[in-house]
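> Sharing a sequence plus its predicted fold:
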Amino acid sequence: MLHGAVHVVIVGCGRVGSGLAIGLVEQDHTVSIIDKRSRAFRRLPPDWPGNSIVGSGFDRDDLDRAGADRAGALAAVTSGDNSNILTARIAREKYGIHNVVARIYDPRRAEIYQRLGIPTVATVTWTIEQVMHRLLPAAVAGEWTDPSGLLVLVERVLPEAWAGKALRTVGIPGKIHVVAVTRAGVPRLEVADLVGQEGDVLHLAVLKDTVGELEYRFNGANPVLDGPGPGGVQ
């Protein structure tokens, strides 16, 4: 997971890409945005402080110019599924960027991409908030809150350190509960006996005052075995 300001590479300066870039800069992150058309950068404000690069998301030279070697996250949000997934794979495999998300137009491909460990969101449900959440998971406390404001539902990608470990170890009785897991694009409600796999997306019910403990468990170098979180909770 990401802590503090990070460098983010965005490929595609359309409505989503430009909105995401502006939002990230407002949160004090640094941003490089790549698009094959220079006129696409007109969507950015005149005082845009980031780096704008005319090029391709799967060209290593262009990615180097965008600072992919120091990036903490990358979003591939062009209009082409194939381009987006190729860019995402290069980011993961060549640059070691863990927080990567690819936009897709064909939801039927989602399962294939999920098996590659790359979170995807279909165009029909795509929002800037969703990609922000997938790039910077700790930045969003909850996707849904009950009327009392005391219970939130959150979504987190399984940390690599938890692959092969029982998902029941994620929760804290009475505070954090794994409600479901999306694996290879397929949601599963029976999670008690599941073992975590790379690319799993966990859906958790969390008491609002326990969100900090959730982030502690997910942000540790070895989250399952890190020991007590804030307040001495194991």
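Happy to help now that I have it. This is a predicted model, so every value here is computed, not measured. Numbering: from 1, shown residues only.
> which residues sit in contact with residue 163?
196, 197, 198 (CB atoms under 8 Å, 6 or more residues apart in numbering). Heads up, the C-betas are built off the backbone N, CA and C, glycines and all.
> Neighbour count, pLDDT and distance to residue 26 added to those residues, as CSV?
Output for those, formatted as CSV (neighbours: other CB atoms under 10 Å; pLDDT from 0 to 100; distance: CB to CB, whole Å):
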residue, neighbour count, pLDDT, distance to residue 26
196, 23, 88, 34
197, 16, 86, 35
198, 14, 78, 32
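> can you redo those residues as JSON lines with distance to residue 95?
As requested, these are arranged in JSON lines below (distance: CB to CB, whole Å):
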{"residue": "196", "distance to residue 95": "24"}
{"residue": "197", "distance to residue 95": "23"}
{"residue": "198", "distance to residue 95": "18"}
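> any idea which of the residues you listed is closest to residue 66?
residue 198 (25.8 Å; CB to CB).
> which residues of the chain score low on pLDDT?
Where the chain drops to pLDDT under 70, the residues are 1-4, 107-144, 146-147, 184-185, 219-234.
> quick check: domain ranges of it?
What automatic domain parsing lists as the domains of the chain is 7-138, 141-226.
> Can you name every helix or strand that the helix or strand where residue 20 lies contacts?
According to DSSP states H and E, residue 20 maps onto helix 15-26. Using 3 or more CB pairs under 8 Å, 6 or more residues apart in numbering; DSSP states H and E, the elements in contact with helix 15-26 are strand 7-11, strand 30-35, helix 128-135.
> which parts of it are buried?
Neighbour-count burial for helix 15-26, with 16 or more other CB atoms under 10 Å as criterion, is recorded at 16, 17, 18, 19, 20, 21, 22, 24, 25.
> Double-check the fifth one against residue 75; I have them as touching.
Yes - applying CB atoms under 8 Å as the test, residue 20 and residue 75 come out as touching, 6.2 Å apart.
> Between its first and last residues, how far does stretch 152-166 reach?
End-to-end span of stretch 152-166 (CA to CA, to the nearest Å): 23 Å.
> Would you map the strands across this protein?
7-11, 30-35, 51-54, 73-76, 99-104, 120-122, 144-145, 151-157, 176-183, 186-188, 201-207 (DSSP state E).
> And the contacts of the fourth one?
When you say that, I think you mean strand 73-76. 2, 6, 8-12, 17, 20, 57, 68, 83-85, 87-88, 91, 95, 97, 99-103, 131, 135-136.
> Show me how to select, in ChimeraX, the buried members of those.
Selection of the buried residues among these in ChimeraX, burial being defined by 16+ other CB under 10 Å:
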select :2,6,8,9,10,11,12,17,20,57,68,83,84,85,87,88,91,95,97,99,100,101,102,103,131,135,136
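> So which of the buried residues of helix 15-26 is the closest to residue 216?
Of all the buried residues of helix 15-26, residue 24 has the smallest distance to residue 216: 24.0 Å, by CB to CB.
> how far away is the closest one from residue 8?
Residue 24 sits 5 Å away from residue 8, going by CB to CB, to the nearest Å.
> One more: residue 85?
Plainly put, residue 85 is 19 Å away from residue 8 if you go by CB to CB.
> can I have stretch 192-200 written out in CSV, keeping just the CAs?
Only the C-alpha atoms of stretch 192-200 are listed here, as CSV (Å, rounded to 0.1, in the frame of the first residue of the first chain):
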residue,chain,number,x,y,z
ALA,A,192,-14.5,-18.8,5.8
ASP,A,193,-12.4,-21.6,4.3
LEU,A,194,-10.8,-19.7,1.4
VAL,A,195,-7.0,-19.3,1.1
GLY,A,196,-5.9,-16.0,-0.4
GLN,A,197,-4.7,-15.8,-4.0
GLU,A,198,-2.8,-13.0,-5.7
GLY,A,199,-5.2,-10.6,-7.3
ASP,A,200,-8.1,-11.3,-4.8
